[in-house]
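Engineer: dropping a prediction and its sequence here:
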Amino acid sequence: MAAAAALRNVGRAALRQRGTLAQAERRRLFASRPSTIEEKEEARLHLMQIDSKKEELFDLMASFNARYMIHGSLAETNGLLLEQLSMAVDPRPHDPQWRWLQGVQRFRRVMTYLGICTFCTTVSVGLPWLIKDPKPKKIARDVWTALQQ
């Protein structure tokens with residue numbers, strides 16, 4: 001029992017230096033029932049393992065994408081997964097591929113919000129215009145003839 005506790009303490013000290021234990025401790029653990037100390041410790045260890053697996057998977061996929069060129073749906077699904085993993089791993093400002101993926105994620109987010117705003121504006125302006133004017137064909141014809149002149 002004492003040996004297991006000593007090993008746990010050594011492991012915690014090594015992980016604290018890396019910062020993953022602090023991240024796992026900062027996360028709020030949701031449970032449907034009150035957890036014991038052992039269950040919370042086990043959950044923290046699982047979260048640390050998940051974080052390390054995310055880092056490993058990102059490194060593996062980034063090296064694969066850098067080395068090999070694949071096409072088709074496999075490339076698309078791997079690229080999307082790599083983009084999602086770039087948001088989940090620790091920041092790597094010196095890694096050009098990580099910075100590129102961060103930019104892609106930001107661009108995708110901005111374009112999504114822009115599309116939503118454009119759709120809402122078009123619907124909110126276009127629907128009342130269609131309801132108010134019973135003859136939109138005449139207006140379109142007038143605009144077309146004005147453009148032709």
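Structural biologist: It's in. Only a predicted model underlies this, so the values are computations on that prediction, with no experimental measurement involved.
Engineer: please make it C-alpha for all contacts and neighbour counts, starting now.
Structural biologist: Will do.
Engineer: the most centrally placed residue in the chain: helix or strand, and which one exactly?
Structural biologist: Centroid check for the chain by Cα atoms, centre = their mean gives Gln84 as the closest residue, at 4.2 Å. Per DSSP states H and E: Gln84 is located in helix 73-88.
Engineer: go on, Val104?
Structural biologist: For Val104, the host element (DSSP H and E) is helix 96-132.
Engineer: touching stretch 95-108 from outside, list them.
Structural biologist: 62, 82-83, 86-87, 92-93 (Cα atoms under 8 Å, 6 or more residues apart in numbering).
Engineer: which of these lies closest to Glu41?
Structural biologist: Comparing the contacts of stretch 95-108 against Glu41 with Cα to Cα picks out Met87 as the nearest, at 25.6 Å.
Engineer: tally of neighbours for Arg44?
Structural biologist: Neighbour count of Arg44, defined by other Cα atoms under 10 Å: 21.
Engineer: Asp90 in helix, strand or coil?
Structural biologist: coil (DSSP: H, G, I helix; E, B strand; the rest coil).
Engineer: same deal with Pro93?
Structural biologist: coil.
Engineer: again, but for Met69
Structural biologist: Classification of Met69 using three-state DSSP returns coil.
Engineer: how close does it sit to Ala88?
Structural biologist: Relative to Ala88, Met69 is positioned 24 Å away (Cα to Cα, to the nearest Å).
Engineer: now do Gly115
Structural biologist: Where Ala88 is concerned, Gly115 sits at a distance of 25 Å (Cα to Cα).
Engineer: what residue ranges in this structure are flagged as low confidence?
Structural biologist: 1-35, 133-137 (pLDDT under 70).
Engineer: okay, domains of it per the record?
Structural biologist: Domain assignment for the chain by automatic domain parsing gives 2-90, 106-149.
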